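> This is a predicted model, with the sequence first.
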Amino acid sequence: MAITYDMEILSSIPADKMFKAFVLEGDNIIPKVLPHAITSVETLEGDGGVGTIKLTTFGEGSVHKSVKHRVDGLDKENFTYSYTIIEGGALDVFESISYHIKIVAAPDGGSICKNRSIYQPKADTQVSEDEIKDGKERASGIFKKVEAYLLENPDA
């Protein structure tokens, strides 16, 4: 049975700028703002759109060395992005892991990142709430680091 988690993160950065930094330029920005956690993101196949395969390499001390993910959806006008982990990472205990991100405008001029994570555990595996919570905290931390980068570099 799939485990689905929804999370919302508020930001003072407008939705279009946050989407551009977090999704469209995230491969360059995220390793810059979290060099100890993510050393690189490289495109193995594709042009960044649907079907693209990317390899994320994690820093020393990470539980997992790397993950490959496939871009499942990208809508630059509605600020949505979805992808599925296809190799590495936590796929030792999960059949599949997919993420759906939508960044919407907030009434104050900032934005809200709506993130849905869907974990499909392998039949014989028990998954603890802590494992899922750790993943959510990491995702929130990355988003906040990108926000801090944009606040420090308004022309980025």
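Nice, I can see it.
> Tell me how many other residues surround Lys102.
Using other CB atoms under 10 Å, Lys102 is surrounded by 18 other residues. Every C-beta, even on glycine, is put in place using the N, C-alpha and C of the backbone.
> quick one: what helix or strand has it in it?
Counting by DSSP states H and E, the element that carries Lys102 is strand 94-105.
> Can you spell out which helices and strands pack onto that strand?
Using 3 or more CB pairs under 8 Å, 6 or more residues apart in numbering; DSSP states H and E as the contact test, the elements touching strand 94-105 are helix 15-19, strand 80-88, strand 111-121.
> repeat that with 10 Å
Applying 3 or more CB pairs under 10 Å, 6 or more residues apart in numbering; DSSP states H and E, one finds that strand 94-105 makes contact with strand 3-11, helix 15-19, strand 66-75, strand 80-88, strand 111-121, helix 129-152.
> Out of those, name the one with the poorest average pLDDT.
Mean pLDDT per stretch puts helix 129-152 lowest among those, at a mean of 86.
> picking that back up, quick check: which of the helices and strands packed on strand 94-105 is buried the most?
Among the helices and strands packed on strand 94-105, helix 15-19 has the highest mean neighbour count (mean count of other CB atoms under 10 Å), at a mean of 20.
> Now the element after that helix, going C-ward?
Scanning forward in sequence from helix 15-19 by DSSP H and E, the next helix or strand is helix 26-33.
> ok, then the element right after that following helix?
strand 38-45.
> Who does that following strand pair with, and is each partner parallel or antiparallel?
Partners of strand 38-45 in the sheet, by DSSP bridges, are strand 53-58 (antiparallel).
> Please name the nearest non-neighbouring residue to the residue nearest the centre of the chain.
Nearest to the centroid of the C-alpha atoms of the chain, with distances taken as CA atoms, centre = their mean, sits Ala139, at 6.1 Å. In space, and not counting its chain neighbours, Ala139 is closest to Asn115: 6.0 Å by CB to CB, 6 or more residues apart in numbering.
> How much space separates Glu42 from Arg116?
26 Å (CB to CB, to the nearest Å).
> what does Ala21 give?
As for Ala21, its distance to Arg116 is 20 Å (criterion: CB to CB).
> Repeat that for Asp124.
With distances taken as CB to CB, Asp124 is found 25 Å from Arg116.
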